[in-house]
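Asker: need a structure here:
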Amino acid sequence: MKKIIAKLLIAASAGLSLAGGAHAAGGGIEWDKFPKEKMTDMAALQHGAKLFVNYCLNCHSAAFMRYNRLRDLGLSEVQIKSNLLFASDKVGETMKVSMDAKQAKDWFGAAPPDLTVIARSRASASQGSGADYLYTYMRTFYRDDSKATGWNNLAFPSVAMPHAMWELQGQRTAKFVDEADPHDKSKTVHVFKGFEQISPGALTPAQYDDAVADLVAYLQWMGEPAQGERFRLGVLVLLFLSVFTLFAWRLNASYWKDVK
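Answerer: Residues are numbered from 1 along each chain as shown. Alright, predicted model coming up:
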């Protein structure tokens, strides 16, 4: 299992870094904080699963995730079949796509990476968790006619992926200005100054941010569906050890009280 996860992490990281790895390695923009409370909100996780199936599963696969694991989110088998099972016939099958990897590479310049553990693969000790990165990434797309797809991204410059959720967010352009490099006054740097909305989306900015948070919560959950149970079990174990330590300490004191 560890070997499988390691291979997935390597593949996901490689796929995402093909176009903009140099920028990402240099730090890039500051990541926004993902609202962690979404991880305990079943309605948010269910909505995130719906967004994933509708907007991500067309190109990206989650080959190590089975549809029937969605029952852990409170969904019945009937609900999964009726609302989420579009790329397969059985709920026991994995979330694969029919897109040919070679064709995808020809179209986008890089084969879309598997997303099973994408949230875990993008974590950075200096910038935040993988969920923070994905939350920032999905909210910083903008129109760029110089790119083959017509889109670019602040968190991942020159990304090969188009903005899959643009109909929800609308279309924006990014405003940049040239300023003197604070480290070398003889050079100039391209500084981001904000977005300009050029067409509205189906959602307001606040609603879109909330939808992205739901999607990222699902991606985070998908990387380790048992993480909630693991956290709860960890708390119980720590409580047990605390009580056991108290009893052991008092027993030790009682045992040695007459020994000098």
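
Asker: burial count for residue 183?
Answerer: For residue 183, the neighbour count with other CB atoms under 10 Å is 7. C-beta here means a position set from N, CA and C on the backbone, and glycine is covered the same way.

Asker: what does the model give it for pLDDT?
Answerer: The model reports residue 183 with a pLDDT of 80.

Asker: Same question for residue 144.
Answerer: Looking at residue 144, its pLDDT is 96.

Asker: quick one: it and residue 231, what's the gap?
Answerer: 40 Å (CB to CB, to the nearest Å).

Asker: Compare the two and say which is more crowded by neighbours.
Answerer: Higher neighbour count among residue 144 and residue 231: residue 144, with 16 against 12, using other CB under 10 Å.

Asker: Touching, that one and residue 154? I think so.
Answerer: No: judged on CB atoms under 8 Å, residue 144 makes no contact with residue 154 at a distance of 10.7 Å.

Asker: which neighbours do these two share?
Answerer: Overlap of the contact sets of residue 144 and residue 154 (by CB atoms under 8 Å, 6 or more residues apart in numbering) consists of residue 174.

Asker: Show me where the protein has its helices.
Answerer: 2-25, 42-51, 77-83, 101-108, 118-121, 130-137, 166-169, 205-223, 227-256 (DSSP state H).

Asker: For those helices, give me CSV that also has mean pLDDT and distance to residue 94.
Answerer: Formatted as CSV, those follow (pLDDT from 0 to 100; distance: least, CB to CB, whole Å):
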stretch, mean pLDDT, distance to residue 94
helix 2-25, 39, 12
helix 42-51, 97, 15
helix 77-83, 91, 13
helix 101-108, 75, 16
helix 118-121, 92, 15
helix 130-137, 97, 21
helix 166-169, 98, 27
helix 205-223, 97, 12
helix 227-256, 90, 19
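
Asker: Output those in JSON lines, with distance to residue 71 appended to each entry.
Answerer: JSON lines is the format used below for these (distance: least, CB to CB, whole Å):
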{"stretch": "helix 2-25", "distance to residue 71": "22"}
{"stretch": "helix 42-51", "distance to residue 71": "11"}
{"stretch": "helix 77-83", "distance to residue 71": "7"}
{"stretch": "helix 101-108", "distance to residue 71": "30"}
{"stretch": "helix 118-121", "distance to residue 71": "21"}
{"stretch": "helix 130-137", "distance to residue 71": "23"}
{"stretch": "helix 166-169", "distance to residue 71": "27"}
{"stretch": "helix 205-223", "distance to residue 71": "13"}
{"stretch": "helix 227-256", "distance to residue 71": "14"}
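
Asker: Out of the ones you listed, the one nearest residue 149 is which?
Answerer: Closest of the helices of the chain to residue 149 is helix 101-108, at 7.4 Å (criterion: CB to CB).

Asker: Who are the packing partners of the closest one?
Answerer: Helices and strands touching helix 101-108, by 3 or more CB pairs under 8 Å, 6 or more residues apart in numbering; DSSP states H and E: there are none.

Asker: C-alpha coordinates for that helix, CSV please?
Answerer: Taking Å, rounded to 0.1, in the frame of the first residue of the first chain, the C-alpha atoms of helix 101-108 are listed here in CSV:
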residue,chain,number,x,y,z
ALA,A,101,-3.4,9.4,-22.0
LYS,A,102,-1.5,10.0,-25.3
GLN,A,103,-4.4,12.1,-26.8
ALA,A,104,-4.6,14.1,-23.6
LYS,A,105,-0.9,14.8,-23.8
ASP,A,106,-1.3,16.0,-27.4
TRP,A,107,-4.2,18.2,-26.5
PHE,A,108,-2.9,19.7,-23.2
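
Asker: Now do that helix: distance to the chain's middle.
Answerer: Mean-position distance between helix 101-108 and its chain equals 22 Å (CA atoms, centre = their mean, to the nearest Å).

Asker: Kindly report the same for stretch 242-254.
Answerer: Centre-to-centre, stretch 242-254 and its host chain are 44 Å apart (CA atoms, centre = their mean).
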